[in-house]
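*Asks:* Give me coordinates for this.
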Amino acid sequence: MDLSKFLCWVVLLLGISLVESKYMVYNTSHTIVPGKLNVHVVPHSHDDVGWLKTVDQYYVGSNNSIQVACVQNVLDSLVPALLADKNRKFIYVEQAFFQRWWNEQSETIKRIVKDLIHSGQLELINGGMCMHDEAAPHYIDMIDQTTLGHRFIIREFNVTPRIGWQIDPFGHSAVQAYLLGAEVGFDSVFFGRIDYQDREKRKKEKSLEVIWRGSKSLGSSSQIFAGAFPKNYEPPPGGFYYEINDDSPVVQDDPDLFDYNVQERVNAFVSAALDQANITRTDHIMFTMGTDFRYQYAHSWFRQMDKLIHYVNLDGRVNAFYSTPSIYTDAKHAANEAWPLKTEDYFPYADRINAYWTGYFTSRPALKRYVRVMSAYYLAARQLEFFKGRSEKGPTTDSLADALAIAQHHDAVSGTSKQHVADDYAKRLAIGYVEAESVVATSLAHLTKADPALNPTFQQCLLLNISYCPSSEINLSDGKSLIILAYNPLGWKRVDIVRLPVVGGDVAVHDSEGHEIESQLVPFTDEYMALRNYHVEAYLGQSPTQVPKYWLVFSVTVPPLGFTTYTISTAKKTGGYASKSYVSRLQKGEQSKFDVGHGHLKLSFSTDQGTEINYVNSRTSMTEPVKQTYSYYSAYNATNDKEPPTPQNSGAYVFRPNGTFPIKPEGQVPVTVIRGPLVDEVHQQINPWISQINRVYKGKEHVEVEFIVGNIPIDDGIGKEVVTQISSSLKSNKTFYTDSSGRDYIKRIRDYRSDWKLEVNQPVAGNYYPINHGIYLQDSKKEFSVMVDRAFGGSSIVDGQVELMLHRRLLLDDSRGVAENLNETVCVQDKCTGLTIQGKYYYRIDPYGEGAKWRRTFGQEIYSPLLLAFAEQDDGKPMSFGAASFSGIDPSYSLPENVALLTLQELDDGNVLLRLAHLYEVGEDKELSGVTSVELKKLFPRKKIGKVTEMSLSANQERSAMEKKRLVWKVEGEGSYGEEKKAKRGREIDPRKLEMELYPMEIRTVLIHLELPSSHSRINRFDA
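*Replies:* Residues are numbered from 1 along each chain as shown. You can find the predicted model right below:
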């Protein structure tokens, strides 16, 4: 907004105010009045970072045939509206929009906005790039997107957001409360959506506002004041919407005109206030004056609110004034009230009978996987960017950071946007990946001391999920070898399996010292070929020219935060060879039983039963019958239903099943068994559109299950929600455990809620929970754990059984605003078929009390896979690389096995952002749930740590300052200071010893200033 445009606004508003002042100057100067009911009028606009339109369409106001919304107008008109009256206030949330707008403003407008922020008229709350979802995102992504917004705000305005404002996500995670709330320095968090049964009970008990203690391990040290709104995040009942096209009655206070209605409007306002006061503790209530994409002409709202505040206060029954959630929170705290305690989370969420918003836990599973893959890549790319040194001229990882941040929005990774918007999220990720890929390639070239004269280029393979990797599919018979670099972003040494498609079988693998590495050739089977050919054509516009014959499988050993290199060449050059797999195909009844497995773990299959497996681990003496089945829920079609209750379809948000239908193998489907020295596989075609592979790797004690689901048929006119069940004999007694945003595990009991007596109307959908990390069952003897490769919905509908929803294809909209059915397709040459997805889950059975170690350690490996890079090497020429291996930390050191490195990033100011997390909860493991410590010096070898500053989780303020400002709340039934036994936290970091102590579930964030020798330039931070 330029200065001339701004002055026009001011002149217009002055003209308006002069006309009004002929009759009335509205008094908006009221503040809190003790002893009265205080109505905090909080103007806001909820601006989705993509939903029906893309983020940029929402910002500039294009594509208005879908929705009339322009965020640019909101922010443009807001400035003069606030300047017109110093008592007016407004809160703004979504930094993705605010930063777009900020970058377009003149220095004059920027100075005005800074003054508005510092005066408290404009408050930036929540402060992340988006209002992230709380079911599908991983906690690392939630931290990253919040940090991106918070660091911009502190840099530009020198303020730190105090309030969490998660008003629209569809249920709320425990991680949001303690990690993205208290640990980022928030004093409170407010939200709009909790289960309708829970809300009614809380309204009766006046317990909509609570002290939310989300972490068992951190307890009261990380609790937060939390408020659920009485209905939603919109204005109160009675007609108080004031967009220019809204139909609420305005306050008509000119007696010379018809329809004078001041007393009527005052009565409506007071009535709504008294109603809300009856369900709220203390003399303070909040009116959320706004909703989606409002204030596009801000004066139309403020003019009416000015009048309401003026006349309501003249009336005298209640006290109304412009406010913000910060002022409201301070007022609640000053009341010295003891508040009800809330633990765990607010999942699942239903807004009415038969309407559980648990379908979106799985909606758009391919996008969910893409977000997860890019999240892991961003974590690794930032590490490599740091080791080389951040380039001031580019490329950088910033573009991927922005794309990932936007993708965490509660209509993005959730899968609840329109299709063209989902495509936009994916496009942004792809663009960000391309730039980050360049960062990775140049960093690896630097760290390997690549010879520039030989022009080595590291290629990467993003499309291995569809079995496509041009870099590994080269012909090695024409005088070339292939260099494979495996980078490990974890803080401990890693032994893992690499699988690559290759065109020929005459190959051998050697390590960097020339020793042959055991390898295995697994034949390329039909299900892979079909997946590859169709999707490569969709991706490239033409069929691939090469056809791989095998998967080359070999084991790699990689140091922490480092890489090793391997060479693939033709066997005749080296004399070595890769072992070919033994393949057998068994028809039903042909052979009753067969075994596969390596080392301690063996699986026994029965061909006549098909899906029954006997799981045996000889090391732990665990033996368990396991059964794998598939079925689908037919999606409910409420077209012909009559009210009451309100008709409800199954859709992108809502899961409403209408019967369960087992999917059984059709006809004489063979079982293909592949055995070899490194991996055994059992391939099963469940039906024409579902296949699965069970794998057992050498040296591993878990089962990997790869599934391919799709094209889901809809010829019968019925939408389908496809699930897999993994059944055991465990006596789980209706109890199971699911993760909270990939962090803590929460106990779930089927058909039960700890906060209220559940009236069961959807026995399946009402027992579904979000799964980011894993789900497990236990009885007195065993634990049965299942880990996932992306966010899914899941449950334990039957004792001893884990159920995962893998895919959804629906034909009806569920009437929650998106106005589009969830029917994803892939099109090749004008022919479109339903989306096929490929994915993996993993399971393992442990003795009771011993499963956490696998879940925590292997969970990190799933989230952060090896980053693979490829370079060709001409035979007979000198090696292109001077360093075949590298570790970014002291070679004698690795992180403790209960600590994960979440962030290692060079910031644009040259400081290093480091986050370390204790992986275990209190009591989760008898050894690893204790205090641990990290030697910071050994994370930065050959570098001198100049200064270490401990920060809040989002790195926008010093932790000590944050703790001093933290509000202390009273809790019902507890002493003045909360729990008697406070959770322990790591000691302050001694600048001499430089050791970081971590207690269970603690995450510590530090800014590190490295004192580099003068001989080192900034871009040569690490030498290999």
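*Asks:* Just the pLDDT for the nearest residue to H918 once chain neighbours are set aside.
*Replies:* Excluding its sequence neighbours, the residue lying closest to H918 (CB to CB, 6 or more residues apart in numbering) is L998, at 4.2 Å. C-beta here means a position set from N, CA and C on the backbone, and glycine is covered the same way. Looking at L998, its pLDDT reads 97.
*Asks:* quick one: contacts for L998?
*Replies:* Neighbour list for L998: 899, 916-918, 931-934, 986, 1004 [criterion: CB atoms under 8 Å, 6 or more residues apart in numbering].
*Asks:* Please identify the pairing partners of the host helix or strand of Y842 and their relative orientation?
*Replies:* Using DSSP states H and E, Y842 sits in strand 837-847. Sheet pairing of strand 837-847 (DSSP bridges) gives strand 703-709 (antiparallel), strand 782-788 (antiparallel).
*Asks:* where are the low-confidence patches of the stretch 901-1024 of the chain?
*Replies:* The model of the stretch 901-1024 of the chain has pLDDT under 70 over residues 976-981, 1012-1024.
*Asks:* what stretches of the protein score poorly on pLDDT?
*Replies:* Scanning the chain for pLDDT under 70 picks out 1-23, 453-456, 573-575, 588-591, 608-610, 667-668, 876-880, 976-981, 1012-1024.
*Asks:* let's go with 50 and repeat that
*Replies:* 3, 7-21, 978, 980, 1015-1019, 1023-1024 (pLDDT under 50).
*Asks:* now T724, what's its secondary structure?
*Replies:* Classification of T724 using DSSP: H, G, I helix; E, B strand; the rest coil returns strand.
*Asks:* wait, isn't it in contact with L804?
*Replies:* Yes - taking CB atoms under 8 Å as the definition, T724 is a contact partner of L804 at 5.5 Å.
*Asks:* so what sits against both of these two?
*Replies:* Contact criterion CB under 8 Å, 6+ apart; residues shared by T724 and L804: Y841.
*Asks:* Comparing these two, which shows the higher neighbour count?
*Replies:* When T724 and L804 are compared for neighbours, T724 comes out ahead with 25 against 21, by other CB atoms under 10 Å.
*Asks:* residues touching that one, list them.
*Replies:* Neighbouring residues of T724 by CB under 8 Å, 6+ apart: 628-630, 692, 707, 803-804, 806, 841.
*Asks:* Tell me which two of the residues you listed sit farthest apart.
*Replies:* Spatially, the most separated pair among the contacts of T724 is Q692 and E803, at 15.1 Å (CB to CB).
*Asks:* still on that earlier bit, tell me which of the contacts of L998 fall in strands.
*Replies:* Counting by DSSP state E, the part of those found in strands is 899, 916-918, 932-934, 1004.
*Asks:* what's the closest of the residues you listed to H284?
*Replies:* Checking the ones in strands among the contacts of L998 against H284 by CB to CB gives R1004 as the nearest, at 35.3 Å.
*Asks:* Mark which of the ones in strands among the contacts of L998 are buried, thanks.
*Replies:* Buried members of the ones in strands among the contacts of L998, scored by 16 or more other CB atoms under 10 Å, are 899, 916-918, 932, 934, 1004.
*Asks:* Redo those as TSV? Include distance to F287.
*Replies:* As requested, those are exported to TSV (distance: CB to CB, whole Å):
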residue	distance to F287
V899	46
L916	43
A917	39
H918	42
T932	48
V934	48
R1004	39
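*Asks:* okay, now D247: neighbour count?
*Replies:* Using other CB under 10 Å, D247 has 7 other residues around it.
*Asks:* From E234, how far out is it?
*Replies:* Separation of D247 from E234 (CB to CB, to the nearest Å) stands at 14 Å.
*Asks:* For the stretch 51-200 of the chain, which segments are assigned as helices?
*Replies:* Assigned by DSSP state H, counting those that start in this stretch, the stretch 51-200 of the chain shows helices spanning 55-60, 71-83, 95-102, 107-119, 139-157, 174-178, 196-205.
*Asks:* For Q166, find the nearest of the ones you listed.
*Replies:* Among these, the nearest to Q166 by CB to CB is helix 174-178 (6.3 Å).
*Asks:* List the contacts of that closest one.
*Replies:* Applying CB under 8 Å, 6+ apart, the external contacts of helix 174-178 come out as 134, 139, 142, 164, 166, 189, 212-215, 218, 222-224, 226, 343-345, 740-744, 746.
*Asks:* If we go by neighbour counts, what in the helix or strand containing Q684 is buried?
*Replies:* Following DSSP H and E, one finds Q684 within strand 679-687. Buried residues in strand 679-687, counted by 16+ other CB under 10 Å: 679-686.
*Asks:* E435 - that's part of a helix, no?
*Replies:* Yes - E435: assigned to a helix according to three-state DSSP.
*Asks:* burial count for it?
*Replies:* Counted with other CB under 10 Å, residues neighbouring E435 total 17.
*Asks:* Compute the distance from the centre of whatever helix or strand K342 lives in to the centre of its chain.
*Replies:* Per DSSP H and E: K342 is located in strand 341-343. Taking the mean of its C-alpha atoms, strand 341-343 sits 24 Å from the chain's own mean (CA atoms, centre = their mean, to the nearest Å).
*Asks:* Tell me how far stretch 659-678 lies from the chain's centre.
*Replies:* For stretch 659-678, the separation from the chain centroid amounts to 33 Å (computed by CA atoms, centre = their mean).
*Asks:* if we can go back for a sec, turn the ones in strands among the contacts of L998 into TSV, including distance to F594.
*Replies:* Output for those, formatted as TSV (distance: CB to CB, whole Å):
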residue	distance to F594
V899	42
L916	46
A917	43
H918	43
T932	44
S933	49
V934	47
R1004	50
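*Asks:* Which of these sits closest to R428?
*Replies:* A917 (27.4 Å).
*Asks:* So the closest one is in contact with P896, correct?
*Replies:* No - A917 lies out of contact with P896 (CB under 8 Å); the separation is 11.4 Å.
*Asks:* show me what contacts N533?
*Replies:* By CB under 8 Å, 6+ apart, the contact set of N533 is 543-544.
*Asks:* Leaving out chain neighbours, which residue sits closest to the spatially most central residue of the chain?
*Replies:* The centroid of the chain falls nearest to P137 when counting by CA atoms, centre = their mean (1.3 Å). With CB to CB, 6+ apart as the criterion, P137 has its nearest non-adjacent residue at 4.7 Å, and that residue is Q408.
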